[in-house]
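Asks: Predicted coordinates and the sequence they were generated for:
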Amino acid sequence: MAKPAFDLTLYFVTDHRQSFEHTCAVVREAVAGGVTMVQLRHPDLDGGELLEQARALKALLAGTGVPLILNDRVDVAHASGAEGVHIGQSDLPPSAARAILGPDAIIGLSAVTEAEMAAINPVDVDYVGIGPYAVTTTKADAGDALGIEGTRQAVKIAPVRACAIGGIGENNAAKVASTGVEGIAVVSALSLADDPRAAAGRLRAAFESGR
């Protein structure tokens with residue numbers, strides 16, 4: 001099986017503060033509105049519960065062409081048949097994740113600094129998540145906001161495809177696009193939207209207008 005083609009344009013990261021029933025409803029509507037990738041992130045769940053959720057989302061996404069990515073948990077990604085994993089600097093090394101998941105998995109890595117970018121082997125890492133772009137309350141340890149210039153510089157030194165994350169919404173998506181990222185990753189912009197399908201459509205249109 002060849003690595004699935006993946007589109008970073010509008011990447012939805014699930015909100016662990018919401019119920020899984022709500023998350024499934026948001027994913028269903030947001031994908032219909034233009035979301036191109038989905039990441040399941042729930043740092044508080046044990047492996048068994050997370051595996052159940054991953055399998056449910058995998059079934060929900062079947063036939064849409066939208067890949068499911070697991071946050072951090074390489075073991076759950078492997079067991080659920082998800083298309084890939086997104087890991088941080090303190091998680092399992094990308095080379096180890098690649099060894100477990102194989103050459104066809106999509107592997108993303110959070111990276112910002114020159115040293116972090118220089119350490120990336122494109123054999124092991126398919127894309128980088130750069131952020132936070134702006135102040136965000138979704139992730140407590142997100143770090144300082146990079147803004148346009150910081151994000152643009154990170155994109156320039158990234159040896160693989162890049163998406164931006166953190167504090168991104170309809171009001172700044174076009175500006176984020178001007179940094180050269182291939183896409184935007186969002187959480188609350190969709191998880192808290194009254195109409196996730198419409199919100200996804202507006203977000204995607206705003207981002208694409210800034211390219």
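Replies: Cool, got the structure.

Asks: For stretch 92-110, buried residues please.
Replies: By 16 or more other C-beta atoms under 10 Å, the buried positions in stretch 92-110 come out as 92, 94, 97-98, 101, 105-110. (C-beta placed from N, C-alpha, C; glycine too.)

Asks: How about residues contacting it?
Replies: Applying C-beta atoms under 8 Å, 6 or more residues apart in numbering, the contact partners of stretch 92-110 are 1-4, 6, 67, 69, 74-75, 77-78, 83-89, 120-121, 123-131.

Asks: quick one: the strands in the protein?
Replies: Per DSSP state E, the chain carries strands over the ranges 10-13, 37-40, 68-71, 84-87, 106-110, 127-130, 161-165, 183-186.

Asks: Turn the ones you listed into a markdown table, columns for mean pLDDT.
Replies: Formatted as a markdown table, these follow (pLDDT from 0 to 100):
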| stretch | mean pLDDT |
| --- | --- |
| strand 10-13 | 98 |
| strand 37-40 | 98 |
| strand 68-71 | 98 |
| strand 84-87 | 98 |
| strand 106-110 | 98 |
| strand 127-130 | 98 |
| strand 161-165 | 98 |
| strand 183-186 | 98 |
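
Asks: can you redo those as CSV with distance to A206?
Replies: Listed next are these as CSV, based on distance: least, C-beta to C-beta, whole Å:
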stretch, distance to A206
strand 10-13, 10
strand 37-40, 17
strand 68-71, 23
strand 84-87, 23
strand 106-110, 23
strand 127-130, 18
strand 161-165, 13
strand 183-186, 9
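
Asks: ranges for the helices of this protein?
Replies: 20-33, 47-61, 74-80, 94-101, 114-118, 147-157, 173-177, 188-191, 196-209 (DSSP state H).

Asks: Just list what the fifth one packs against, helices and strands only.
Replies: If contacts are counted by 3 or more C-beta pairs under 8 Å, 6 or more residues apart in numbering; DSSP states H and E, helix 114-118 sits against helix 147-157.

Asks: before we move on, the earlier item: pick out whichever of the buried residues of stretch 92-110 sits closest to T23.
Replies: Set against T23, the nearest of the buried residues of stretch 92-110 by C-beta to C-beta is G108 (19.5 Å).

Asks: partners of that closest one in the sheet?
Replies: Counting by DSSP bridges, G108 is bridged to H86, Y127.
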